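Engineer: only geometry, no sequence info:
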């Protein structure tokens, strides 16, 4: 007794494939942002290095070199902090989008599983109540595990975000 039609299986596979490629595209978009940020930071660093080398060459005495070093260190530290924030923002955005997509996929999976059990219950022969109860128990346990893992993942992300 099969309760799923080939069209339902194809639709489910298509939905899973769309979800997979959607998440993959989000990850690549984040990667592209990181590459662009790194290219921008590298280009700025090269330009600043050229300027610093010119100033070092034109500095005539050790006092001027020490003043130059002092004037460079603070902006460099600020730029590193800004770079770190930008990386964190990009990674957080991608993580948030992927988490939302995964949560949506998990909800859809739960609905599909519940629909499967309900359909099985409607079409089951008499005397199969025990088997249906077992299926319900399995799906309930899977849902509880999913919810627990989802909660733990959210707590982990919140903890990591506050540390940075």
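Structural biologist: Okay, I see it. The model shown is predicted, which means the values in this text are computed figures rather than measured ones.

Engineer: Distance of the most centrally placed residue in the chain relative to residue 89?
Structural biologist: Taking Cα atoms, centre = their mean, the centroid of the chain lies closest to residue 95, which sits 2.2 Å from it. Separation of residue 95 from residue 89 (Cβ to Cβ, to the nearest Å) stands at 11 Å. C-beta: built from backbone N, CA, C; applies to glycine.

Engineer: Likewise for residue 31?
Structural biologist: From residue 31 to residue 89 the distance is 14 Å (Cβ to Cβ).

Engineer: Give me the local confidence score for residue 153.
Structural biologist: At residue 153, the model reports a pLDDT of 69.

Engineer: I misspoke; the intended subject was residue 10.
Structural biologist: Residue 10 is given a pLDDT of 84.

Engineer: What count of nearby residues applies to it?
Structural biologist: Residues near residue 10, counting by other Cβ atoms under 10 Å, number 10.

Engineer: backbone phi and psi for it, please?
Structural biologist: Torsion angles at residue 10 (phi, psi; degrees, to the nearest 10) stand at phi -60, psi -40.

Engineer: for this protein, what helix or strand is lowest in average pLDDT?
Structural biologist: The weakest-scoring helix or strand in the chain, judged by mean pLDDT, DSSP states H and E, is helix 129-163 (a mean of 73).

Engineer: pLDDT below threshold where in the protein?
Structural biologist: 1-4, 150, 153, 156-158, 160-164 (pLDDT under 70).

Engineer: Mind naming the longest helix for it?
Structural biologist: helix 62-123 (DSSP state H).

Engineer: got the angle between that helix and helix 129-163?
Structural biologist: 170 degrees (axes from the mean of the first three to the mean of the last three Cα atoms, to 10 degrees).

Engineer: could you say what helices and strands helix 62-123 packs with?
Structural biologist: Counting contacts by 3 or more Cβ pairs under 8 Å, 6 or more residues apart in numbering; DSSP states H and E, helix 62-123 is packed against helix 6-58, helix 129-163.

Engineer: what about that helix, distance to the chain center?
Structural biologist: Helix 62-123 sits 6 Å away from the centroid of its parent chain (Cα atoms, centre = their mean, to the nearest Å).
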